[in-house]
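K.L.:
Starting from these lines, generate the structure:
(one chain, ligands or ions: 1)
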Amino acid sequence: MPAAVPAAAARLSALARVTASGRRDRDRLVRARDARLVEVVRHTAAHSPWYRRLWQEAGCEPSSVRTAGDLAGFPLVSKTMVRADVEQILTPAARARGVRSAPTSGSTGEPLVVPHDPASAAVLDAVWARSHLAYGLRPHHRTAYFRNLPSSPTLTERLGIFRAEHLDIDAPDARLAARLRELRPHVLGGYPSHILELLDRLGPDRVSGLGIRWVTTGAETLTEDARREIADGVGARVVDLYGTIEFGCIAFECALGTRHLNDDAVLVEVLDDDGRPVPEGSPGELVVTGLYGAAMPFVRYRIGDRGTVDSRPCGCGRPLRRMTSLEGRGASAVLTTGGQRITGARLCAHLREIPTLRRYQVAQTSLTDLVVRIIPDPGTDQATAQAVREAVRRQFGSEVSIEIDLVERIERTAGGKVPDIIPMPS
Ligand SMILES: [Zn+2]
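P.N.:
Next up, the predicted model:
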């Protein structure tokens, strides 16, 4: 029997379990989640020397964890801490057969290679599949997506259902257009910057004629502006998926447009600046614990994003909480000389009032120096540059030097993203 057959069976059974879990009532889901959490904490304490020491030094007792609330006193874990001690964090499951490893996009530094044991990988794939089914994707639909980082094909791709084809954003315009016409995808996926670049390069007429029904975005913050521009340009519904290599799909959008957390696969906490839970419905820092990830545990991980969560029920009937805001993917905030934090969303709100500004990127090179790269509409270079200078000046005050660079293209980072905001190097 080929090795792929038991693997496929394991994954289909994971999909069945995950689908059933997403239909439970909230109380049952919470009980099942807490049972997973107890298992994760126990496994991590037993097999990850780094966490064992971290928790011991903080005086935290892993066996005392019974529910999500019991994690409150446990230390938060940052990317820097993880990157410095990866070998000590890994458990023996990271060295087992069939481990799947993938690098993170490294938007805030060097990529981190995250291994997933086969059982966890099957569940995470199933959660991704459930998240795609939620907006309407069906097995006969074809997806074309831009991806900058290599990854192994998922089960469904290997089985030829949910057919998916990778596209290369760096291919010449004519080849991209031909590939899309050939494939006629129902879904177009990628970072918001990929889709906007495609619309810029091929023009909305050539893209909207393709009959694409959904555009799925991820990895970068999707501003309301970008969502509208993509929906109008492609002529499709835009669905934002929030996922990472560490945790798989964290949040997805149901057919009613509500963004739901995958509460049965990740435990998401929303904390204030002092590390205390914010009142429900208030924004705060997102801290995430992976409920599937035996090879490399992430317990109370500061993912670098901010968001708002509440548990008002949704008309779709899912027991999964809502995430009503999500901001700052890739740490998109800059500081003023007065120490004020300006998020990408706030700065964008001012720049989007400039009708001739097509694309931009704000890079903070020091506390007093900003470089703003812009692509204006043809023939409006000087007027657009002046309007951008004034808009940025209003946010940052007169003590900041603003350099405006007119560019033809805004370059991608090593991880393939095009952030609106590049914070000061720390
Ligand atoms: Zn819903």
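K.L.:
residue boundaries of the strands in the stretch 251-400 of the chain?
P.N.:
259-261, 266-271, 283-290, 301-310, 322-327, 333-335, 341-343, 357-366, 369-376 (DSSP state E, counting those that start in this stretch).
K.L.:
Those into JSON lines, with extra columns for mean pLDDT, distance to residue 142 and mean neighbour count?
P.N.:
Yep, even glycine has a C-beta here, placed from its N, CA and C like the rest. As requested, the strands of the stretch 251-400 of the chain are arranged in JSON lines below (pLDDT from 0 to 100; distance: least, C-beta to C-beta, whole Å; neighbours: other C-beta atoms under 10 Å):
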{"stretch": "strand 259-261", "mean pLDDT": "97", "distance to residue 142": "25", "mean neighbour count": "23"}
{"stretch": "strand 266-271", "mean pLDDT": "97", "distance to residue 142": "29", "mean neighbour count": "22"}
{"stretch": "strand 283-290", "mean pLDDT": "95", "distance to residue 142": "30", "mean neighbour count": "22"}
{"stretch": "strand 301-310", "mean pLDDT": "92", "distance to residue 142": "30", "mean neighbour count": "20"}
{"stretch": "strand 322-327", "mean pLDDT": "90", "distance to residue 142": "28", "mean neighbour count": "18"}
{"stretch": "strand 333-335", "mean pLDDT": "70", "distance to residue 142": "38", "mean neighbour count": "19"}
{"stretch": "strand 341-343", "mean pLDDT": "68", "distance to residue 142": "36", "mean neighbour count": "16"}
{"stretch": "strand 357-366", "mean pLDDT": "87", "distance to residue 142": "29", "mean neighbour count": "18"}
{"stretch": "strand 369-376", "mean pLDDT": "92", "distance to residue 142": "31", "mean neighbour count": "19"}
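K.L.:
Identify whichever of these lies nearest to the ion.
P.N.:
Of all the strands of the stretch 251-400 of the chain, it is strand 259-261 that lies closest to the ion, at 5.6 Å by C-beta to the ion.
K.L.:
which other helices and strands contact that closest one?
P.N.:
strand 248-253, strand 322-327 (3 or more C-beta pairs under 8 Å, 6 or more residues apart in numbering; DSSP states H and E).
K.L.:
quick one: which of those is nearest residue 421?
P.N.:
The stretch from the helices and strands packed on strand 259-261 with the least distance to residue 421 (C-beta to C-beta) is strand 322-327; that distance is 11.2 Å.
K.L.:
Quick one: work out the angle between the closest one and strand 283-290.
P.N.:
Strand 322-327 runs at 110 degrees relative to strand 283-290, counting by axes from the mean of the first three to the mean of the last three C-alpha atoms, to 10 degrees.
K.L.:
what angle sits between strand 322-327 and strand 301-310?
P.N.:
Using the same axes, to 10 degrees: strand 322-327 against strand 301-310 is 130 degrees.
K.L.:
can you tell if strand 322-327 touches the ion?
P.N.:
No - Strand 322-327 stays clear of the ion (C-beta under 5 Å from the ion), getting no nearer than 7.6 Å.
K.L.:
Now find how far off-centre that strand is within its chain.
P.N.:
12 Å (C-alpha atoms, centre = their mean, to the nearest Å).
K.L.:
do the same with stretch 394-407
P.N.:
Centre-to-centre, stretch 394-407 and its host chain are 29 Å apart (C-alpha atoms, centre = their mean).
K.L.:
Ends of that stretch, what's the gap?
P.N.:
One end of stretch 394-407 to the other measures 23 Å (C-alpha to C-alpha, to the nearest Å).
K.L.:
Now do the buried residues in that stretch.
P.N.:
By 16 or more other C-beta atoms under 10 Å, the buried positions in stretch 394-407 come out as 395-396, 400, 402, 404.
K.L.:
TSV for the strands of the stretch 251-400 of the chain, including distance to residue 128?
P.N.:
Output for the strands of the stretch 251-400 of the chain, formatted as TSV (distance: least, C-beta to C-beta, whole Å):
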stretch	distance to residue 128
strand 259-261	14
strand 266-271	12
strand 283-290	14
strand 301-310	17
strand 322-327	17
strand 333-335	29
strand 341-343	28
strand 357-366	29
strand 369-376	33
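K.L.:
mind listing the helices for the protein?
P.N.:
4-21, 26-47, 49-57, 79-84, 86-89, 118-135, 155-159, 173-183, 192-202, 204-208, 224-234, 344-351, 381-396 (DSSP state H).
K.L.:
if you average pLDDT over each of these, which comes out lowest?
P.N.:
Among the helices of the chain, helix 155-159 carries the lowest mean pLDDT, a mean of 62.
K.L.:
Minimum distance to the ion, which residue of the stretch 101-250 of the chain gives it?
P.N.:
residue 134 (7.8 Å).
K.L.:
tell me the contacts of that residue?
P.N.:
252-255, 260, 316 (C-beta atoms under 8 Å, 6 or more residues apart in numbering).
K.L.:
Kindly report the same for residue 204.
P.N.:
Shown in contact with residue 204 (C-beta under 8 Å, 6+ apart): 232-234.
K.L.:
In PyMOL, how would I select the buried members of those?
P.N.:
Selecting only the buried entries of these in PyMOL, with 16+ other C-beta under 10 Å as the criterion:
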select buried, resi 233+234
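K.L.:
hang on, isn't residue 272 packed against residue 278?
P.N.:
Yes - counting by C-beta atoms under 8 Å, residue 278 is a contact partner of residue 272 at 5.1 Å.
K.L.:
out of the two, which sits in the more crowded spot?
P.N.:
Remark: of residue 272 and residue 278, residue 278 carries more neighbours, 16 against 13, as counted by other C-beta atoms under 10 Å.
K.L.:
From what I see, that one and residue 271 are in contact.
P.N.:
Yes - under the criterion of C-beta under 8 Å, residue 278 makes contact with residue 271 at 6.6 Å.
K.L.:
list the residues that contact both of the two?
P.N.:
Joint contacts of residue 278 and residue 271 (C-beta under 8 Å, 6+ apart) are residue 284.
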